[in-house]
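Trainee: Please find the sequence and the predicted model below.
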Amino acid sequence: MPLSTDALSATFSALADPTRRAILSRLAIGEASVTELAQPFAMSMPAISKHLKVLEHAGLIARGRDAQWRPCRLEAGPLRDIANWVEPYRRYWEARFDRLDDYLRVAQGKPKRKRKRKSK
């Protein structure tokens, strides 16, 4: 099933902000409360809550409930979807760099290097 453009847009939009990327980096270590997530930032709790809502809307985090503790956790599925979407472009650039490397070797009078074939 193809990934919805709207899901990709929501994920990219959420990742566009450095505060939200920092929150995701913190959650990659493990669950954290909203208060813990807010500590490194010089912003109000309502501002942090807005960032968390954007991340939650994009499916990048989930919020739980454990008595008085409201942990947030990373949901990496949308990040995998982004990685899958970017993969063809990565392969494209790697091929371009390989051709540039070959050109530079020839220009310097060195033999072309032999490439290993990638198995699929």
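Mentor: Right, received. Where do you want to start?
Trainee: all contacts plus neighbour counts: C-alpha atoms, from now on.
Mentor: Noted.
Trainee: what residue lies at the spatial centre of this protein?
Mentor: By Cα atoms, centre = their mean, the mean C-alpha position of the chain lies nearest to residue 79, the distance being 4.9 Å.
Trainee: Not counting its neighbours along the chain, what's nearest residue 56?
Mentor: Counting by Cα to Cα, 6 or more residues apart in numbering, residue 62 is the residue found nearest to residue 56 once chain neighbours are left out, at 6.1 Å.
Trainee: And residue 76, by the same measure?
Mentor: residue 60 (6.2 Å).
Trainee: and stretch 12-19, average pLDDT?
Mentor: Mean per-residue pLDDT for stretch 12-19: 97.
Trainee: With stretch 43-60 instead?
Mentor: Mean pLDDT, stretch 43-60: 96.
Trainee: For it, list the C-alpha coordinates in CSV.
Mentor: Once non-C-alpha atoms are left out, stretch 43-60 reads as follows in CSV (Å, rounded to 0.1, in the frame of the first residue of the first chain):
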residue,chain,number,x,y,z
MET,A,43,9.7,28.1,26.6
SER,A,44,6.4,27.7,28.3
MET,A,45,4.6,24.4,29.0
PRO,A,46,1.8,25.4,26.6
ALA,A,47,4.4,25.9,23.8
ILE,A,48,5.9,22.5,24.6
SER,A,49,2.4,21.0,24.5
LYS,A,50,1.8,22.5,21.1
HIS,A,51,5.0,20.9,19.8
LEU,A,52,3.9,17.5,21.3
LYS,A,53,0.5,17.8,19.6
VAL,A,54,2.2,18.3,16.2
LEU,A,55,4.4,15.3,16.8
GLU,A,56,1.4,13.2,18.0
HIS,A,57,-0.7,14.3,15.0
ALA,A,58,2.1,13.1,12.7
GLY,A,59,2.2,9.8,14.5
LEU,A,60,5.7,10.3,15.7
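Trainee: Other residues contacting it?
Mentor: With contact meaning Cα atoms under 8 Å, 6 or more residues apart in numbering, stretch 43-60 is reached by 7, 10-11, 14, 19-20, 24, 34-35, 38, 61-63, 74-79.
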